[in-house]
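S.K.: generate a structure from the sequence data that follows.
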Amino acid sequence: MTSLLDPQRVLERAAERLTARFDGIVAAETVERVVFESYASLMRTARITDHVPALAEKFAKDRLTALATSKGLVAKPHPEVLFLCVGNSGRSQMAAAMMRLIAGERIVVRSAGSQPGEEILPHVQEALSEIGADVSHEFPKPLTDDVVRASDVVITMGCGDACPVYPGKRYEDWPIADPAELDLGGVRDVRAELRHRVERLAAELAPA
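M.R.: A predicted model of the protein is given here:
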């Protein structure tokens, strides 16, 4: 039988690993706080909770990287883009996946949701797999202040005023249909529109 203390132990070990990774950059207390905050945030919407502690470590690592970048504690060699929608289960995941395909390592890509869903929509996963984009390792993530601060460009899609606004950052709102309300054919149309927009943004931020 799985002990109720197991998630606690997993998170403590995750905090130890991340503390070592960010040694001299982020304080150990901050690392631990971010790990446990990340776990709590993901648990709020998780349908299956077994893998949440492991996902929390990945989420916390990304948040800590963003925190260090935004504070100038680590170098920022590439522009950073945040794609934001409501559930982080459709539009923002599609845009992020296509940006990774198109720009590779030339652009740092993140996505988040103002009200994250439980999982990436099946039609979205299928439409992305058709173009060679694997999102099986991705998951809906809540919007956090640190990832906004680290971003050079914030692309919003249907989430209204949920995203905090910071001076000096570029914001764009893309009027993209919600894949949750579409069949696979409709999601493919969304994919085509997003690809056009993402290609244009990638060419502008980091020409090949």
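S.K.: next, residue 153: phi, psi?
M.R.: Dihedral angles of residue 153 (phi, psi; degrees, to the nearest 10) stand at phi -130, psi 130.
S.K.: and what of residue 125?
M.R.: According to degrees, to the nearest 10, residue 125 has phi -60, psi -40.
S.K.: number of nearby residues for it?
M.R.: 21 (other C-beta atoms under 10 Å). Glycine gets a C-beta too; all of them are placed from N, C-alpha and C.
S.K.: so where's this protein shaky on pLDDT?
M.R.: 1-5 (pLDDT under 70).
S.K.: for residue 138, see how far away the residue nearest the centre of the chain is.
M.R.: What sits nearest the mean C-alpha location of the chain, by C-alpha atoms, centre = their mean, is residue 111, with 3.1 Å. For residue 111, the distance to residue 138 (C-beta to C-beta, to the nearest Å) stands at 8 Å.
S.K.: surely the residue nearest to the centre of the chain is in contact with residue 99?
M.R.: No: if you go by C-beta atoms under 8 Å, residue 111 and residue 99 don't touch, sitting 9.2 Å apart.
S.K.: CA atoms of stretch 103-122 as PDB?
M.R.: C-alpha atoms of stretch 103-122 as PDB (Å, rounded to 0.1, in the frame of the first residue of the first chain):
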ATOM      1  CA  ALA A 103      12.300  27.700 -33.900                       C
ATOM      2  CA  GLY A 104      14.000  24.900 -32.100                       C
ATOM      3  CA  GLU A 105      16.400  26.200 -29.500                       C
ATOM      4  CA  ARG A 106      16.400  29.700 -30.900                       C
ATOM      5  CA  ILE A 107      13.400  30.700 -28.700                       C
ATOM      6  CA  VAL A 108      12.600  29.600 -25.200                       C
ATOM      7  CA  VAL A 109       8.900  28.700 -25.200                       C
ATOM      8  CA  ARG A 110       6.500  28.300 -22.300                       C
ATOM      9  CA  SER A 111       2.700  28.000 -22.000                       C
ATOM     10  CA  ALA A 112       0.200  28.400 -19.200                       C
ATOM     11  CA  GLY A 113      -3.500  28.700 -18.400                       C
ATOM     12  CA  SER A 114      -5.500  31.200 -16.300                       C
ATOM     13  CA  GLN A 115      -7.700  28.200 -15.300                       C
ATOM     14  CA  PRO A 116      -5.800  25.100 -16.200                       C
ATOM     15  CA  GLY A 117      -7.700  22.000 -17.400                       C
ATOM     16  CA  GLU A 118      -7.100  18.400 -16.400                       C
ATOM     17  CA  GLU A 119      -5.300  17.300 -19.500                       C
ATOM     18  CA  ILE A 120      -4.400  18.300 -23.100                       C
ATOM     19  CA  LEU A 121      -7.400  17.800 -25.300                       C
ATOM     20  CA  PRO A 122      -7.300  14.500 -27.300                       C
END
